[in-house]
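Participant: sequence below, structure please.
(6 chains, ligands or ions: 3)
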Amino acid sequence: MESLLQLFRDSGLYQLEAGQFVMILVGLLLVFLAIRKKFEPLLLLPIGMGAILVNIPGAGFLAQPVYDAAGHIESPGGILYYIYEAGIATGMFPLVIFMGVGALTDFGPLLANPRTLFLGAAAQFGIFTTVIGAILLTQMGMMDFTLADAAAIGIIGGADGPTAIFVSSRLAPDLLGAIAVAAYSYMALVPLIQPPIMKALTTVEERKIRMEQLRPVSQREKIIFPLSLLVLVALFLPTAAPLLGMFCFGNLMKESGVVERLSDTAQNALINITTIFLGLGVGSKLSSDAFLNVETLGILVLGIVAFGIGTASGVLMAKLMNRFSSMQINPLIGAAGVSAVPMAARVANKVGLEANSQNFLLMHAMGPNVAGVIGSAVAAGVMISYLG
Amino acid sequence: MESLLQLFRDSGLYQLEAGQFVMILVGLLLVFLAIRKKFEPLLLLPIGMGAILVNIPGAGFLAQPVYDAAGHIESPGGILYYIYEAGIATGMFPLVIFMGVGALTDFGPLLANPRTLFLGAAAQFGIFTTVIGAILLTQMGMMDFTLADAAAIGIIGGADGPTAIFVSSRLAPDLLGAIAVAAYSYMALVPLIQPPIMKALTTVEERKIRMEQLRPVSQREKIIFPLSLLVLVALFLPTAAPLLGMFCFGNLMKESGVVERLSDTAQNALINITTIFLGLGVGSKLSSDAFLNVETLGILVLGIVAFGIGTASGVLMAKLMNRFSSMQINPLIGAAGVSAVPMAARVANKVGLEANSQNFLLMHAMGPNVAGVIGSAVAAGVMISYLG
Amino acid sequence: MESLLQLFRDSGLYQLEAGQFVMILVGLLLVFLAIRKKFEPLLLLPIGMGAILVNIPGAGFLAQPVYDAAGHIESPGGILYYIYEAGIATGMFPLVIFMGVGALTDFGPLLANPRTLFLGAAAQFGIFTTVIGAILLTQMGMMDFTLADAAAIGIIGGADGPTAIFVSSRLAPDLLGAIAVAAYSYMALVPLIQPPIMKALTTVEERKIRMEQLRPVSQREKIIFPLSLLVLVALFLPTAAPLLGMFCFGNLMKESGVVERLSDTAQNALINITTIFLGLGVGSKLSSDAFLNVETLGILVLGIVAFGIGTASGVLMAKLMNRFSSMQINPLIGAAGVSAVPMAARVANKVGLEANSQNFLLMHAMGPNVAGVIGSAVAAGVMISYLG
Amino acid sequence: MLLGMGTVFVFLTLLVIVTSIMSSLVQKYGAVQPAVLKTPGAAGQLDEATLLAVISAAIHAHRSKQ
Amino acid sequence: MLLGMGTVFVFLTLLVIVTSIMSSLVQKYGAVQPAVLKTPGAAGQLDEATLLAVISAAIHAHRSKQ
Amino acid sequence: MLLGMGTVFVFLTLLVIVTSIMSSLVQKYGAVQPAVLKTPGAAGQLDEATLLAVISAAIHAHRSKQ
Ligand code: NA
Ligand code: NA
Ligand code: NA
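Facilitator: Numbers count the residues shown, from 1 in each chain, chains lettered A, B, ... in the order given. Ligands and ions are numbered 1, 2, ... in the order given. This next block holds a predicted model:
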């Protein structure tokens, strides 16, 4: 009888609080969006599962380990505790992912047309606007964000998941779950969010602009570029060095051609293993008290504002550049400056094809697209430099 | 001269105790069984090597690291110490393996015939009988098992290696080595242990029963099933959530079809890496003082009793179900309810073919076989709930 | 304004010290040698990148984490700090690499001609001579090496990267960076360093010696060999057991043929992941104060001396063996006894072909080549036994 | 221990019921069998981008020859 | 240091002896050369199960047509 | 925040300049386009060794038949 009571007291039904129940539903929703709507499934599926697991009452997924005096484990911790502490609190997982993304990135289009870096810079405008927005909301008493929180939220506008997670883990660990979910959700929504903004800010004539074919880029340029970027980071913005250093390292492994087996592993086994655990670890931050509050609403709203402003800034920057140069840029590719590789570039290509069925912008948009990755990592470095 | 003496004092010959020598032989035996007899080589080869390494006197494979006051390493620990503490004491390795097993599991046959879950439940009967047996042996003064020890030993009857290791690491870390060796050895011995029991409990007519072809199962059912299982676990048996949560996550990665690269990694690189280290870590528990005692004998005897009772219960449950249903089940597939995927299902198929050369039971036996995995994880949750 | 100053104070330009600048150049040089000259790129590329990253002022790659009283992370550590502490200070990475190397090694040629083990022994002569050299340099007041330092430096002559790193991490962590760089650089320079020594010590007639075709070696011998080696290590030299135990384990996984998926993973995903992090971690030891001093110069000089003596000893040992045996050995394969698998064996083959265009020594040289791996691991065990 | 075994049975019985209901609902309402699309997922997106890139490059090259 | 070098030599000499004895024993008693079976091991068992499953499914399908 | 945005722009402008200079230098002096050699690196060396081994074994075998 005693045992039966014990089992009942251990059961989820007995312990489940309303908040946990809602968060399990949120987890199921994320899983649904990942599977049915193909919303960034590589991240949202593990995040959703992590959210479900962490909200099972009594399952102890976040339990802290207890050690005895001799340093032996008396009671082991939960798997999500270990994953979060070892991989996310330390910043290891986003950095390893960034290395893998570097090994997957081709800087060829950017090197063929380095001016597209300005588009990647402009699209970070959303980040900084959002920070101001978050501060204003706090001053108006509607939300309660510190400056560090505001900076972490702003990075959502960079449309770069690992960067957002890395910055949150340093500046606003409590908001990490909501920020990561917002970042990946909006990245998945690029095909819905961007086109109306792109069309509103451009004329049909502008969208029809055909761009010159890109020159071929030599292997040597591709090898020297990540090293140049790294040296510049070292000299001028060391706080961006963790993210961009690992990114350049990954890219150099790929482009050097001498360590193919390492590059393959960085692009496959290693990034996949890390992605599984990163997702679970981020999901473990989706507890009801951290997620079910007005701040999350603020993060979602500010995030989409940042995203929209970033998109608009990229497009407007392209139009501005066309005023001062004879080599015309199709302003649609400016929208790709937000990152969200390669979704944003494909959206630019698609909107371009709608205006002119012979206008292939994909490769041209890949330039600002990877520039956007650099841009948001630089913005992250600036934030950490001011507030870290 | 001094140095020569030092070298001799460091040598294995000088330091080797009889117990260590015997355990090295045990390790060599496990390696032999793995290579020559193909006894679960994926686990028994690393376990055997771990056993050899940990019993080399003076090699320090289990040495604890020493830190100075500033937290720097003064003297590093042994590799098996790190593997055991990081992967097994924490429960990480068995959980990651369970995720991989989930990604390798096809619930189709179970979904086509969900009644086979009862067979997977019945086959856990051996677990609980064994617990009683262990308690009796202790009360009779023949052995010295706590209730927690008894529970961990019982899980051997579940014929599921990672579950046994996970439960042992929580309830009876000192017995972990012997329990894991017993579990994997008996899993390897399924083709020897099960057939006599199966034949003793069935008539030739029963063994000839032909089963209806299984209906095709839609992808949608396969996606919803792991989520349903997870919700049930969350509501009713949260202590089973670590094992079954990771298992469902792995299965969902596979069945969702949207994260193939993660699923591939979980099924290959990640499970392989974890298996290598899990095996070494389990082997490190095979020290002479932990293994060479009467308790190990008790574990081996109780383990095989549990295994036999589980097999018998599965078969008898199938016969019982035939009494109450017109849709006849070949009782042989009940034996597959012990888990030991896919060996037990293949044994059922083989014994079935002996009775009727046109009777292919394999797919039918896969239902109770994967049900057995769920069943022993549920039993593990019950044990941890009572005793953890 | 305050912020601008902050940014400038954070910038690399403001903080960069001359030493760091030089070390970044050293890192770039290593990257250049890896990519352009194909100097052991698998290690030197990550080492070079690690050296660049760790010398970026203010980037915090080696920052120690700060915990609050409750054990939560207050300020996370740098990625290179975690990599070094978890993988190199513990000795884990070199041991995992050694397991992978074991899984990549074919002992066939050695088993067909076990006498080549003597060549692998002789080539370790450089190790011990160098230790004496380092001690002499210290006594002469030119350098300042402890006995442990001297032993770690000597291992460079073993021409085996992971062994050198493992020994350094135990005996001379401060010199680890310089020793690893020297070891891998000289391994890459095998085609330049060895031929003149080999030619100086042999006559054309000797270099023309044709060796008998090797007998086929059965799978059973290949399975028993690593186990025999392991038992000998256990009995006579336990301090070599970490390195040789993991090596034998890897080799057994390969040769047993029953755990192919583990063997594949050890040879690919696992060794690649570990190599990436090992390289970065070694690079993190290339700080200016650890590298830019006269000791590094001493290490480089002693290392190449050790390498040269090892090469010469191998060749001379082969000539000595020819005096006492009718079965003639081409002395060129003695040079392969230094390890540096398979580069040294290929060099022996190439020099042999120059003397006689029909003389294929490659397979014969693989025997001493893998014997050299065993030899330097044994030498490492001896050093750790005396000084550890 | 009977209790333990009972719990296992009750839980798996629940699972049988839930699974059966789920399957019949899916078979009833999810009439249109979702073709097993091998969607490569976001992982495949880079490859797809590469593919598109190759195609557009080819078209460019073709056009520039004319 | 001579001692160190000596140890290396003694150890490898022991290894030469043990290896030679081992090889001659294997060649003498292990006369029947074990064919290098590429046994897939337990890892391959699932694949084998799948294979068997495919075969039995095919047989079922074949039979149901008749 | 204007400052932050300014920093991003200044940094990326620097990168544009450095990249452009680098590219023009490479195109000027690195005239001979380095063929994209798929050098297998040290990792491939073992395979290469194996290949060489197979070749030399084949030659031996061929010769011993004569
Ligand atoms: Na961005
Ligand atoms: Na079971
Ligand atoms: Na060596």
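Participant: contact partners for D:Leu2?
Facilitator: Contact analysis of D:Leu2 by C-beta atoms under 8 Å, 6 or more residues apart in numbering or on different chains lists B:Phe128. Just so you know, the C-beta spots here come from the backbone N, C-alpha and C atoms, and that holds for glycine as well.
Participant: hmm, the strand or helix carrying A:Val96 in reach of chain B?
Facilitator: Element membership of A:Val96, judged by DSSP states H and E, is helix A:92-104. No. Taking C-beta under 8 Å from any C-beta of the partner chain as the criterion, helix A:92-104 and chain B are apart, separated by no less than 11.3 Å.
Participant: identify the residues contacting that helix?
Facilitator: So helix A:92-104 is in contact with A:86-88, A:162-163, A:165-166, A:169, A:226, A:242-243, A:246-254, A:263, A:266-267, A:270-271, A:274-275, A:277-278, A:281, A:341, A:373, A:377, C:79, C:82, C:276, D:46, going by C-beta under 8 Å, 6+ apart.
Participant: in chain D, where is pLDDT below threshold?
Facilitator: Applying pLDDT under 70 to chain D picks out residues D:1, D:30-66.
Participant: buried set for the lengthiest helix in chain A?
Facilitator: If you go by DSSP state H, chain A has its longest helix at helix A:294-324. Residues A:295-296, A:298-318, A:321-322 are the ones in helix A:294-324 that count as buried (16 or more other C-beta atoms under 10 Å in any protein chain shown).
Participant: cool, stretch A:166-183 as well?
Facilitator: A:166-173, A:175-183.
Participant: does it reach chain D?
Facilitator: No. Stretch A:166-183 is not in contact with chain D by C-beta under 8 Å from any C-beta; minimum separation 13.7 Å.
Participant: how about that stretch and chain C, touching?
Facilitator: Yes. Figure legend: stretch A:166-183 in contact with chain C (C-beta under 8 Å from any C-beta); contacting residues A:Ser169, A:Arg170.
Participant: just the terminal-to-terminal distance for that stretch.
Facilitator: End-to-end span of stretch A:166-183 (C-alpha to C-alpha, to the nearest Å): 12 Å.
Participant: low-confidence ranges in chain A?
Facilitator: A:1-15, A:388.
Participant: quick one: the strands in it?
Facilitator: Along chain A, counting by DSSP state E, strands occupy A:66-67, A:73-75.
Participant: ok now the longest helix of chain A, how far from the chain's centre?
Facilitator: Mean-position distance between helix A:294-324 and its chain equals 15 Å (C-alpha atoms, centre = their mean, to the nearest Å).
Participant: same check, this time on stretch A:253-268
Facilitator: 23 Å.
Participant: what of stretch A:157-166?
Facilitator: 3 Å.
Participant: quick one: buried residues of it?
Facilitator: A:Gly157, A:Gly158, A:Ala159, A:Asp160, A:Gly161, A:Pro162, A:Thr163, A:Ala164, A:Ile165, A:Phe166.
Participant: distance to A:Val258 for the residues you listed - can I get that in TSV?
Facilitator: Formatted as TSV, the buried residues of stretch A:157-166 follow (distance: C-beta to C-beta, whole Å):
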residue	distance to A:Val258
A:Gly157	37
A:Gly158	32
A:Ala159	33
A:Asp160	29
A:Gly161	30
A:Pro162	26
A:Thr163	28
A:Ala164	33
A:Ile165	31
A:Phe166	29
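Participant: which of the buried residues of stretch A:166-183 fall in helices?
Facilitator: Of the positions in the buried residues of stretch A:166-183, A:166-171, A:176-183 sit in helices, assigned by DSSP H.
Participant: show me which pair in the residues you listed is furthest apart.
Facilitator: Checked with C-beta to C-beta, these reach their widest spread between A:Arg170 and A:Val181, with 18.3 Å between them.
Participant: tilt between the longest helix along chain D and helix B:294-324?
Facilitator: Across chain D, the helix with the greatest residue count (assigned by DSSP H) is helix D:2-29. Counting by axes from the mean of the first three to the mean of the last three C-alpha atoms, to 10 degrees, helix D:2-29 lies at 50 degrees to helix B:294-324.
Participant: hmm, helix D:2-29 in reach of ligand 2?
Facilitator: No. Looking at helix D:2-29 against ligand 2 by C-beta under 5 Å from the ion, there are no contacts, and the closest approach is 10.3 Å.
Participant: about what we covered before: the helix holding A:Val96 close to ligand 1?
Facilitator: No. Figure legend: helix A:92-104 not in contact with ligand 1 (C-beta under 5 Å from the ion); closest approach 11.9 Å.
Participant: which residues touch the residue lying closest to A:Gly367 once chain neighbours are set aside?
Facilitator: In space, A:Gly367 comes closest to A:Thr116 once its chain neighbours are excluded; the distance is 3.5 Å by C-beta to C-beta, 6 or more residues apart in numbering or on different chains. Residues near A:Thr116 by C-beta under 8 Å, 6+ apart: A:Pro109, A:Leu110, A:Ile329, A:Ile333, A:Gly337, A:His364, A:Gly367, A:Pro368, A:Ala371.
Participant: so what's the fourth one closest to, chain neighbours aside?
Facilitator: For A:Ile333, ignoring the flanking residues on the chain, the nearest one in space by C-beta to C-beta, 6+ apart is A:Ala365 at 4.2 Å.
Participant: count of neighbours near the residue of the stretch 1-150 of chain A found nearest chain D?
Facilitator: Closest approach between the stretch 1-150 of chain A and chain D, counting by C-beta to the nearest C-beta: A:Leu42, at 4.8 Å. Residues within reach of A:Leu42, counting by other C-beta atoms under 10 Å in any protein chain shown, total 26.
Participant: that one contacts A:Thr275, doesn't it?
Facilitator: Yes. Shown here, A:Leu42 and A:Thr275 form a contact pair, counting by C-beta atoms under 8 Å, at 5.7 Å.
Participant: any residues in contact with both of these two?
Facilitator: Contacts common to A:Leu42 and A:Thr275, judged by C-beta under 8 Å, 6+ apart, are B:Leu262.
Participant: what's the first-to-last distance across stretch A:33-51?
Facilitator: Start-to-end, stretch A:33-51 (C-alpha to C-alpha) is 14 Å.
Participant: buried sites along it?
Facilitator: A:33-35, A:38-51.
Participant: leaving out chain neighbours, which residue sits closest to the residue of the stretch 101-250 of chain A at minimum distance from ligand 2?
Facilitator: Closest approach between the stretch 101-250 of chain A and ligand 2, counting by C-beta to the ion: A:Gly177, at 35.2 Å. Closest residue in space to A:Gly177, ignoring its immediate chain neighbours: A:Lys285 at 3.2 Å, by C-beta to C-beta, 6+ apart.
Participant: so what's that neighbour up against?
Facilitator: Contact partners of A:Lys285, counting by C-beta under 8 Å, 6+ apart, are A:Tyr84, A:Pro173, A:Leu176, A:Gly177, A:Ala180.
Participant: now do the same contact list for the residue in chain A that chain E sits nearest to.
Facilitator: Nearest residue of chain A to chain E (C-beta to the nearest C-beta) works out as A:Ala269 at 16.6 Å. By C-beta under 8 Å, 6+ apart, the contact list for A:Ala269 reads B:Thr265, B:Ala269, B:Leu270, C:Ala269, C:Asn272, C:Ile273.
Participant: got it, and A:Leu117?
Facilitator: A:Leu110, A:Gly367, A:Pro368, A:Ala371, A:Ile374, A:Gly375, F:Leu12, F:Thr13, F:Leu15, F:Val16, F:Thr19.
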